[in-house]
Each structure stands twice: as C-alpha cells, then as structure tokens.
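S.K.: Just to be clear, the model below is a prediction. Sequence and coordinates:
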Amino acid sequence: MKPLKAPGPDGFTYRYYKAFYPKLKPILCRLFNAAREGAPFPAESLLATIVLLPKPGKDPENIDSYRPISLLNTDIKLLAKILALRLDPLLPVLVSPDQVGFIPGRQAYDNTRRAADLVWFAETYQRPSLFLSLDAEKAFDRAEWPFLFTLLKHLGFPPTFLRMLSALYASPGAQILIPGADRIPFEIRNGTRQGCPLSPALFALFLEPLLLAIKSDAGISGLTVGDLEFKLSAYADDVLLSLTDPPTSLPRVMDLLGAFSALSGYKINITKSEALPVALTAEAIANLSSSCPIRFTQSELVYLGVRLTSCSADLYSANYPRLFATLKAELECWNKYAISWLGRLNCIKMNVLPRLLYMFQALPVPLVASEVIALQRSIDHFIWAGKRRRVARHTLYRPRSLGGLGLPSLFTYYYATQLAQVVAWHAPAGSRRWVDLEASLMRPNKIHHWIWLAREHRPLITTTCPAILNSLRLWHRLAVKCELTSTPSPMTPIFGNRDFRPGLHVRPWRDLLDSGVCRILNLYHNGTLIPLQDVSGLSFLHIFQLTSYATQAHIKQAALAPPTRFERLCLAGTYPRGLISSLYRDLTSLLDWKELSYIHAWERDIGETLDSEDWLDIWEMSRSVSVCASLQEQSIKMIMRWYITPSQLAHMNRNLPDVCWRSCTFKGSFFHMWWTCPRIVPLWKEVQDLLILVLSKPISLDPWAFLLSRPLPELTFHENKLLAKITLATRRAIAEVWRQPLPPCMAKVYGKIRDTQVMDELTAIVRFTMPSYNKTWGPGWMRGYDL
C-alpha cells in the first residue's frame with residue numbers, strides 16, 4: 001500500500017507501519033486474530049475523519065458544493081486490504097459477467113462496446129427497444145448491513161471471514177474536519193465505507209441479487225441475439241438496461257427495483273434516470289413517458305462517459321469532436337503557464353493520453369484521420385510552446401528506450417487499443433459478454449478462428465456490425481505489417497478451414513475438438529505429430545485425412561514455428577494488466593525509425609563509436625539520474641545537443657562571428673564549448689580531482705562519462721550514480737553562464753551538487769530509500785565536500 005496516503009484520526013501513516021513493522025507485526029497479528037474470533041475493534045479504531053473538498057466552480061456557501069473524502073485508520077485498512085486480496089480471486093466466479101466494476105480482469109469498455117453493439121443491432125433489425133440508464137441515489141452509502149451480511153452468509157462465506165468483516169462494521173463512526181470547528185463524532189449505520197479497500201467488492205456482491213433477479217425474470221424481455229439474451233450491464237452502481245417490449249418490461253423492472261430497495265436500502269432516483277428509445281414509435285414513447293417519470297431522450301444517452309446515440313452512424317460525431325475540442329482548449333490554456341519542456345511532455349502523458357485511451361477503448365469506431373492529425377499538431381505546438389522545434393519530430397515520438405522522448409503517437413495508441421480488443425475476442429465463452437455478443441453476430445463463423453485463416457480461405461462475413469468490421473479492418477492492416485502473425489499462422493484453425501475440406505463439417509471431429517485440438521499448433525507436441533489414433537471417435541479415414549494435412553510442408557512448418565508474442569497473448573485467453581502499453585511498445589519498436597543524428601555528431605566529435613549497449617546505458621542514466629524533472633531535462637538536452645553555439649548562430653546569420661564566446665579565438669562548436677575550450681578544461685580537471693577524492697579511485701577524464709554520464713566499467717553501480725550526479729551538476733553550472741565570457745567557478749559547481757544531494761535526500765526520506773541514498777551519497781562524498 002502507498003506510504004504517503006493520508007492517515008485516519010489516529011495520525012499513523014503507512015510509513016509508520018512500514019518503519020516499525022518488526023515491532024508492530026506481532027501486535028497486529030494478535031489484533032487481527034482476535035477479530036477473526038469475533039472480538040470487536042475499539043470504537044476509536046473504527047472512527048473516520050471526513051474532509052470536505054470544494055467542487056470546482058461551485059457555490060462555496062452551498063453544502064452540495066463539497067465532496068466528502070473519508071480517511072480511515074491504517075490498521076483497519078490493513079485488515080480490509082488483506083480480506084480484499086483474499087476475496088478478489090473469487091469475485092469473477094461470484095459476480096456475473098454483466099457486472100464489470102472493480103472485478104479483476106474486467107474493463108469498463110466491456111459494457112460500452114456491448115451497449116454500442118446492442119444499439120446498432122436494435123436499430124439495424126428494427127427491434128423496438130428501450131435503453132435505460134439507472135441513477136442510484138448515494139448507492140454505496142445506502143447498503144443495509146443486515147441484508148449484506150445475510151447475502152454473504154447465503155453465498156457461503158466462511159464464519160471466520162464474516163466475523164472479521166463484522167468487526168470492521170461493528171460500531172463505525174465519523175467526524176467532519178472543519179477548520180475552527182469542534183469534531184463531533186457520529187455513528188454510521190449503513191453503507192460500505194468510503195476509503196475501505198473492501199468496499200468495491202462488497203458493493204458488487206450487494207448489487208448482484210438485483211441483477212440476477214432482472215435477468216431471471218420472465219416478465220422482463222431483453223434484446224435477443226442468436227440464442228443469447230442481453231438485459232443489463234453494470235459498472236458498480238451504473239446500470240444500463242436493454243429492454244424489449246417496454247410496456248411490459250418497464251413496469252416489471254420498477255416493481256423489482258422497489259422490492260429490492262425495501263430489502264437492501266438501494267434506491268433509484270427515477271427522475272434522474274434516462275431512457276433512449278430505439279425503433280420505438282412516437283406513440284409508444286408517449287405512452288411510456290406518461291406511465292413512468294423517467295426522462296426520455298431522443299438522440300443520445302450518456303453511459304460511463306460515452307454518448308450512446310440512437311443512430312449508430314452518429315457515435316463518432318457525438319463523442320470525438322467534443323473531446324478533441326476540449327483537449328485543444330486545455331492545451332491553449334496550459335500554454336500560458338511557465339511549464340518546463342519535460343513537464344509539457346508529462347502533461348500529455350498523464351492528462352491528455354488517459355482520456356483519449358478511455359475513448360479509444362470505449363468506442364469501437366474508426367477515427368477521422370484529419371481530426372486526429374489536427375490534435376497531434378496541437379500537442380506538438382504545446383510541447384514547444386509555439387516556438388521553433390529544437391528536436392527532430394521523429395526523435396520526439398521515438399521510445400525513450402531507443403533514445404527518443406516517448407511523446408505518445410495517437411494513431412499508434414489507437415491501434416494498440418483495438419488490438420487489445422482482438423486479444424479479448426479469445427476469452428473463454430461466458431467470461432466477457434460483449435465477446436459472446438459479437439460471436440453471435442459472426443455466426444456461423446467463429447471470430448477468434450476466422451482472423452487466423454489465410455485470406456483466400458476465409459468465408460464471407462455475414463455481419464455488418466461496425467465494431468467488428470472496424471477491428472477486422474485494423475487487423476488486416478497491421479497483422480503482417482507489424483509482425484503480429486505470419487502466413488500461415490500456427491494459430492490457423494483446423495476446422496472451418498477451406499484448406500482442410502474434410503474439416504468443414506465439424507460433427508465427425510467433435511471428440512478431437514473436445515480434447516482441445518482446434519489449431520494446427522495443437523497437432524504437434526515436442527516436434528512430433530500427436531497420436532491421432534488415441535482419440536476416440538476418429539475413423540481410419542479421418543486419421544488419414546488429418547495426418548495428410550498436418551504433414552504438408554507448409555502446414556508442419558507453421559505448426560512448429562514459435563508463436564509471436566501477440567499470438568501467445570491470444571492463446572492465453574486473458575487480458576493482462578498493462579496490455580495496451582505493451583502492445584504500443586511492440587508497435588513502436590517495429591517502426592522504421594530514422595538514425596539519430598545526435599549519435600553521429602557525438603561519435604564524430606569524440607572520435608569513438610559506441611555500440612548500442614553503451615547508448616542504452618547513457619539513455620537509462622539520463623532517466624534515472626534524478627527524480628527532479630529539471631535535472632532530467634538538462635541531461636536529455638545535453639544528449640540531444642540542445643544548446644545553441646556560436647558556430648550555429650554564424651550559420652544562421654553570416655554577420656555573426658563563429659568564435660567562442662569565451663574569447664579563446666577558437667571556433668565555437670558544440671564540443672569545443674563544452675569540452676575542449678581552454679577556459680573550460682581547468683574546470684573539468686577540478687571536477688576530475690573531486691571525483692578521485694570522493695571515490696578513492698583513479699578517474700580518467702573521459703568525455704563520454706563527464707558529458708553524457710556513460711557508466712565506467714571500473715566503478716560500481718552506486719559510484720557511477722554519484723559520478724553522473726556530480727557531472728550533471730557541473731553541466732548545469734556551465735549552462736547557467738552559457739553565453740558569458742568566463743566559465744563557472746568551482747564554488748558554483750559545489751552549490752549545484754549540494755542542490756542535487758538535498759533533492760535526493762528528501763526523495764529518499766519520502767520513498768523509504770535511505771539505504772540506497774547512503775550507498776550513493778556515502779562517506780566518500782563527505783570527504784570531498786568541504787563545507
């Protein structure tokens with residue numbers, strides 16, 4: 001758990017518990033074991049502090065303008081976290097796939113993509129439908145504890161778990177923190193506790209009976225696609241119903257909501273709930289609105305931040321232009337502030353990119369290239385604050401691990417999100433409802449088999465679902481170009497494959513399919529064809545046909561070829577954490593990046609060529625030399641030869657001299673200004689002497705180490721770290737007097753080193769990394785730094 005989280009009323013932080021863990025461990029064990037046996041926690045332990053945060057742009061005199069944040073005591077949160085970690089693996093089994101909120105392995109886009117598919121289906125096939133978004137009134141705060149504990153007992157939770165949970169909910173209280181006012185504790189008698197690690201899981205379990213009741217009620221009709229019925233989807237308390245026969249289904253839903261509310265305390269705010277009719281007549285809509293106070297919207301419905309439109313063709317125009325306009329306006333606003341160059345890069349990565357990624361995942365529609373390019377240009381303009389570009393564009397977007405700056409490429413991230421959904425197509429049946437829906441829309445073809453067939457062997461697609469077609473179009477564009485697969489692929493299906501005509505009729509091969517043999521890679525084990533005669537139900541003819549197919553040269557070669565990384569992801573059938581980022585790295589690493597001009601310039605100046613490993617070390621050191629963005633920025637600027645020199649100015653303006661500003665009469669080239677100038681050489685020799693004193697080792701005056709912080713093989717990891725920090729401080733001192741006639745004095749360098757040390761010390765204190773700090777800034781530095 002994060003050490004800097006705000007503490008509860010007792011004031012003890014995670015940092016305190018980590019620092020004194022050896023002493024606190026036996027005490028906490030006794031405390032938690034006592035709770036396991038049913039002993040209650042003291043009332044003080046269950047007390048929470050509520051802090052009121054003002055909502056931006058709201059009237060501060062209105063109580064509704066504040067957002068309450070509950071701070072629990074750390075010991076309580078530790079026990080709750082332990083229980084949550086034990087409960088998490090069970091949630092995908094206990095909670096149906098229709099609920100995706102806070103369930104491990106499930107994503108919000110599971111519901112938005114399914115909703116978009118269902119709206120398209122109802123519109124295309126003219127199925128009169130009503131999409132109803134329910135607004136829950138303080139959902140987490142209204143959960144009644146007797147109902148919750150009865151439910152958990154019914155689900156089979158062991159008594160020890162229930163006793164520990166009861167201890168957490170025995171007599172909780174809260175006090176509101178208002179400056180200048182007394183803290184008056186009050187009791188809490190219902191609701192899952194805000195800030196408790198268990199609350200999301202408990203609420204998902206709490207809501208599950210309602211979802212099951214709606215799904216199992218024969219009086220409520222959902223959209224039926226193939227043999228599957230889709231009635232609802234939920235992300236925590238955000239519930240979206242997809243109803244057919246609304247005059248019958250809607251009243252029945254209201255009855256169930258009322259009954260569940262009476263039992264559990266869960267309450268729907270009907271007047272704030274919204275409904276989107278699709279393929280309903282005006283008369284039918286009027287009748288429904290007169291019988292139910294729900295607000296009907298004719299064009300769009302907002303669900304999980306996405307505007308669902310009654311016309312699928314309007315999905316893009318209802319969402320992306322607004323988002324792009326908002327982002328451009330924010331970039332223009334931020335441009336007014338004094339943000340560092342690297343800080344601007346981080347603004348894009350941490351603020352702009354997450355919002356775009358969510359929309360890329362949530363909306364399976366093609367992008368309008370011109371609008372994305374315009375936004376990318378706005379980002380470029382923001383990075384350079386409207387000034388001249390100082391680094392080549394391809395270097396800006398190049399991954400940091402390859403010597404670039406890692407500015408996000410919007411198109412590449414869009415491709416990564418869509419490929420992640422191709423991976424999700426391979427999830428087991430029933431685990432992702434949108435996958436089941438699109439599988440039904442693709443019948444008689446199996447989408448997770450169809451994409452691996454060679455193009456000439458693919459049957460015609462029978463669906464016109466925009467989401468499926470968009471993903472397939474991108475798959476066709478990227479599959480071979482980005483080395484995601486080969487042709488033929490080891491993932492090629494055996495059955496339904498025109499290249500193996502006996503397998504077009506699956507029934508005779510059912511026993512083989514049931515044994516897990518469905519792709520050509522399954523036909524071989526350790527390089528040998530599997531014994532087909534051991535599979536029951538296969539006749540001699542079937543064995544002969546499949547053996548003949550499997551032993552063809554191109555099939556055997558494909559079956560024995562190691563699967564690509566993307567193919568392995570699909571075979572796993574899961575959606576691993578960080579999938580989009582890893583796919584983005586894969587896509588960017590395959591691009592034909594231009595050679596880095598600064599590498600050739602450095603190697604020409606120093607007269608030595610470095611291999612790729614040395615450059616990787618230099619790039620890594622530039623990122624890890626400090627947590628301070630300004631220090632990282634200086635290091636990156638040095639590598640990329642950012643600084644303007646007299647020779648460059650003379651090249652741009654012939655009236656300017658190209659001689660060194662330090663009046664040494666030599667040409668002021670980049671390497672001269674930093675290294676060979678007679679006025680700067682004595683400073684570097686003083687720094688060399690300092691390093692020899694600090695490290696107690698001979699240190700050569702190596703420009704790679706002093707200018708670019710390349711690690712020296714004779715030094716340890718921490719010694720190289722210290723060398724990088726001291727040389728970086730020296731370069732900062734030189735940069736501050738860049739156009740002055742004299743270089744900085746050694747006292748200036750010492751001041752910069754001291755700044756770096758203080759920054760590292762404060763960071764180590766906050767992050768609990770003092771041992772590592774002491775290894776870097778140890779006794780050696782104290783020998784060299786004379787206060």
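M.R.: It's in. Residues are numbered from 1 along each chain as shown.

S.K.: residue boundaries of the strands in the stretch 201-350 of the chain?
M.R.: Assigned by DSSP state E, counting those that start in this stretch, the stretch 201-350 of the chain shows strands spanning 221-225, 228-230, 232-235, 238-244, 274-278, 295-296, 300-303, 306-309.

S.K.: Of all the ones you listed, which one comes closest to residue 122?
M.R.: If you check each of those against residue 122 by CB to CB, strand 274-278 wins as the nearest, at 4.4 Å. (C-beta placed from N, C-alpha, C; glycine too.)

S.K.: Mean confidence (pLDDT) on that closest one, please.
M.R.: Here the mean pLDDT over strand 274-278 is 94, rounded to a whole number.

S.K.: Starting from that strand, tell me which strands it pairs with and how they run.
M.R.: strand 129-134 (antiparallel), strand 295-296 (parallel) (DSSP bridges).

S.K.: Highest mean neighbour count out of those strands?
M.R.: Burial of the strands paired with strand 274-278 is given as mean neighbour count (mean count of other CB atoms under 10 Å); strand 129-134 ranks first at a mean of 24.

S.K.: Can you tell me which of the strands paired with strand 274-278 has the worst average pLDDT?
M.R.: For these, mean pLDDT drops lowest on strand 295-296, to a mean of 90.

S.K.: Please compute how far that strand lies from its chain's middle.
M.R.: Relative to its parent chain, strand 295-296 has a centroid offset of 34 Å by CA atoms, centre = their mean, to the nearest Å.

S.K.: One more: stretch 489-507?
M.R.: The chain centre lies 37 Å from the centre of stretch 489-507; the measure is CA atoms, centre = their mean.

S.K.: Just the buried residues of that stretch, please?
M.R.: Under the neighbour-count criterion of 16 or more other CB atoms under 10 Å, stretch 489-507 has 489-497, 499-500, 502-503 buried.

S.K.: Ok, stretch 102-115 next?
M.R.: Neighbour counts over stretch 102-115 (16+ other CB under 10 Å) mark 102-103, 105-115 as buried.

S.K.: Between its first and last residues, how far does that stretch reach?
M.R.: One end of stretch 102-115 sits 19 Å from the other (CA to CA, to the nearest Å).

S.K.: quick one, phi psi at residue 175?
M.R.: Here the main-chain torsion angles of residue 175 (degrees, to the nearest 10) amount to phi -140, psi 140.

S.K.: Could you report the neighbour count for the closest residue to it other than its chain neighbours?
M.R.: Spatially, and ignoring its direct neighbours in sequence, residue 175 is nearest to residue 183 (4.1 Å; CB to CB, 6 or more residues apart in numbering). Applying the criterion other CB atoms under 10 Å, we find 13 residues in the vicinity of residue 183.

S.K.: Next, the residue nearest in space to the middle of the chain: phi, psi?
M.R.: With distances taken as CA atoms, centre = their mean, the chain has residue 578 as the residue nearest its mean C-alpha position (5.8 Å). Reported as degrees, to the nearest 10, the phi and psi values for residue 578 are phi 80, psi 20.

S.K.: quick check: mean pLDDT across the helix or strand hosting residue 598?
M.R.: Counting by DSSP states H and E, the element that carries residue 598 is helix 597-606. Per-residue pLDDT over helix 597-606 has a mean of 93.

S.K.: Which elements pack onto that helix?
M.R.: Contact partners of helix 597-606 among helices and strands, from 3 or more CB pairs under 8 Å, 6 or more residues apart in numbering; DSSP states H and E: helix 670-671, helix 703-708.

S.K.: Which positions in the next helix or strand after the longest one come out as buried?
M.R.: Spelled out, that is helix 703-708. If you walk from helix 703-708 toward the C-terminus, the next helix or strand you reach (DSSP H and E) is helix 717-736. Applying a neighbour-count criterion of 16+ other CB under 10 Å, the buried positions in helix 717-736 are 718-735.

S.K.: Quick check: mean pLDDT of helix 717-736?
M.R.: Helix 717-736 shows an average pLDDT of 94 in the prediction.

S.K.: Check the burial of residue 440 by counting its neighbours.
M.R.: 17.

S.K.: Would you mind measuring from the residue lying closest to it once chain neighbours are set aside to residue 238?
M.R.: Counting by CB to CB, 6+ apart, residue 440 lies nearest to residue 226, which is 3.6 Å off, once chain neighbours are set aside. With distances taken as CB to CB, to the nearest Å, residue 226 is found 26 Å from residue 238.

S.K.: Of these two, which one has the most company?
M.R.: residue 238 (19 against 12).

S.K.: per-residue confidence at the more buried one?
M.R.: 92.

S.K.: Same question for residue 633.
M.R.: Confidence at residue 633, expressed as pLDDT, is 89.

S.K.: Over to it. Which of the three states is it?
M.R.: When classified by DSSP: H, G, I helix; E, B strand; the rest coil, residue 633 comes out as helix.

S.K.: In space, what's closest to it - neighbours in sequence excluded?
M.R.: Closest residue in space to residue 633, ignoring its immediate chain neighbours: residue 342 at 4.1 Å, by CB to CB, 6+ apart.

S.K.: Next: residue 442.
M.R.: Closest residue to residue 442 apart from its sequence neighbours, by CB to CB, 6+ apart: residue 463 at 5.7 Å.

S.K.: where along the stretch 251-400 of the chain do the helices fall?
M.R.: Assigned by DSSP state H, counting those that start in this stretch, the helices in the stretch 251-400 of the chain fall at 282-291, 315-334, 341-347, 353-362, 369-383, 393-397.
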